[in-house]
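Participant: Just a sequence and a predicted model for now, questions to come.
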Amino acid sequence: MPSRRLYHFTDPDRIEDIIAEGIVYGDVPTSPEGGFNAVWLTSDKNPVSQGWTMGTKKAKARLTVDIPEEDVEQSLWKWLDLAEHAGVEKWWLEILNATGGGGQRRWYVFLGEIEASWISRWELV
Amino acid sequence: MLKKLALGFVAQQGAGIVARYTETHEKYDMAREEADRKNKPLLVVGGPAGSKDAYQEHWMQPLVRTKAFFQIKAHGCGDVCVDIDPLSCDGCNYVSANIMDLPFSNKEFGAAFCSHVVEHMPDANGCQLAWSELHRVADVVFICVPPKSSLFAWMVPDHHLWVRQTGEGVLEVEERDTGDHYLVDLDGPPLLYQ
């Protein structure tokens, strides 16, 4: 079945849960006070480019996620498109993007849960 | 028999080189015409000159030095020539930039001509980013890539991808290190297919 390939970086301590349950949690802060739960993904598989981790071990494990095409159409958003759609204010968007290390054009948000079966590979990086 | 096969292979490779040379010039001319028709500038991504400093300590060094010495240009400069190496755009209106993050506004160019660049992207996702970036800045995109049938293309160490244009805005991409096949379009991440 055709699928779109993206990557999710996480703390190695979370791998066991993710392999069992999929990727369920993620914080999308659309304003300083508000936001919603969704899963962050990126098309950049280079761990060094994940500036949002700020030196923590949150990008020490990389999961390869193959999202079925039908779920892509329903739930996968480019971050910048979603931010515009969700009405994220420009000043806040600039802060988020800068905090994330400047790779925002490669970020995606999945509005739903990433099923464990979609994870084709995980590795420590 | 072996001699005939070898001769056939050499002839096939030679014919391929001639075909690619012709294709490059035809596509450049089409890009030039398209940009002129729209009364907008032509963007060239991937300088025509080649760099004498490329592929240091690699067997390709003498080839790239020869090309640089004789000032052989693979195609025209366009109105703006983008490369990460200024020597590749020698004699052109040079802008230093990465194809995955072009410093131009949306549809600033009437056409973009991108020759022998996207196959150097590290993976299909990098190729998708470059592909969408070219379409973001230009009305029409023309690309030239080495075919998988080219022996020379196999020997270039940083050819990470085999790329083939299969339709308007669609590339078929094979990652050399993983063997994974993708369709790269403008809609999202690369579409993996078996």
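Facilitator: Perfect, thanks for sending it.

Participant: can you list the residues of chain A near chain B?
Facilitator: Taking CB under 8 Å from any CB of the partner chain as the contact definition, chain A meets chain B at A:2-6, A:43-46, A:66, A:69, A:72, A:76, A:78, A:105-106, A:108. All C-beta atoms are positioned from the backbone trio N, CA, C, and that covers glycine.

Participant: part of a strand, is A:D13?
Facilitator: No: under DSSP: H, G, I helix; E, B strand; the rest coil, A:D13 sits outside any strand and is assigned helix.

Participant: Distance of it relative to chain B?
Facilitator: Per CB to the nearest CB, to the nearest Å, A:D13 is found 26 Å from chain B.

Participant: just the helices in chain A please.
Facilitator: A:15-21, A:69-75, A:79-85, A:90-99 (DSSP state H).

Participant: I should have written chain B there, sorry.
Facilitator: Ranges of helices in chain B, per DSSP H, are B:2-37, B:61-69, B:124-137, B:151-155.

Participant: How about residues contacting the third one?
Facilitator: Around helix B:124-137, the neighbours that count as contacts under CB atoms under 8 Å, 6 or more residues apart in numbering or on different chains are A:5-6, A:43-45, A:105-106, B:43, B:45, B:99-102, B:104-109, B:112, B:114, B:117-118, B:121, B:141, B:143, B:161, B:163, B:169, B:171, B:173, B:175, B:180, B:182, B:184-186, B:189-190.

Participant: ChimeraX command for the buried members of the residues you listed?
Facilitator: Per 16 or more other CB atoms under 10 Å in any protein chain shown, the buried members of these correspond to this ChimeraX selection:
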select /A:5,6,43,44,45,105,106 /B:43,45,99,100,102,104,108,109,112,114,117,118,121,141,143,161,163,171,173,175,180,182,184,185,189,190
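
Participant: circling back to that earlier point, among the helices of chain A, which is the most enclosed?
Facilitator: helix A:79-85 (a mean of 16; mean count of other CB atoms under 10 Å in any protein chain shown).

Participant: How about residues contacting it?
Facilitator: Residues outside helix A:79-85 that contact it (CB under 8 Å, 6+ apart): A:28, A:30, A:40, A:77, A:93, A:96, A:104-105, A:107-109.

Participant: what do you get for stretch B:5-12?
Facilitator: B:S149.

Participant: 6 Å instead?
Facilitator: Among residues not part of stretch B:5-12, none is counted as a contact by CB atoms under 6 Å, 6 or more residues apart in numbering or on different chains.

Participant: Could you give the bridge partners of the residue nearest the centre of chain A?
Facilitator: For chain A, the residue nearest the mean C-alpha position is A:W40 (1.6 Å; CA atoms, centre = their mean). Per DSSP bridges, the residues bridged to A:W40 are A:V109.

Participant: Tell me the residues of chain B that contact chain A?
Facilitator: With CB under 6 Å from any CB of the partner chain as the criterion, chain B meets chain A at residues B:125, B:188-193.

Participant: any chance of those residues in TSV, plus distance to B:A6?
Facilitator: Output for the residues of chain B next to chain A, formatted as TSV (distance: CB to CB, whole Å):
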residue	distance to B:A6
B:N125	39
B:G188	45
B:P189	43
B:P190	38
B:L191	39
B:L192	38
B:Y193	36
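
Participant: Now tabulate the helices of chain A in a markdown table and tack on mean pLDDT.
Facilitator: Listed next are the helices of chain A as a markdown table, based on pLDDT from 0 to 100:
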| stretch | mean pLDDT |
| --- | --- |
| helix A:15-21 | 93 |
| helix A:69-75 | 89 |
| helix A:79-85 | 94 |
| helix A:90-99 | 91 |
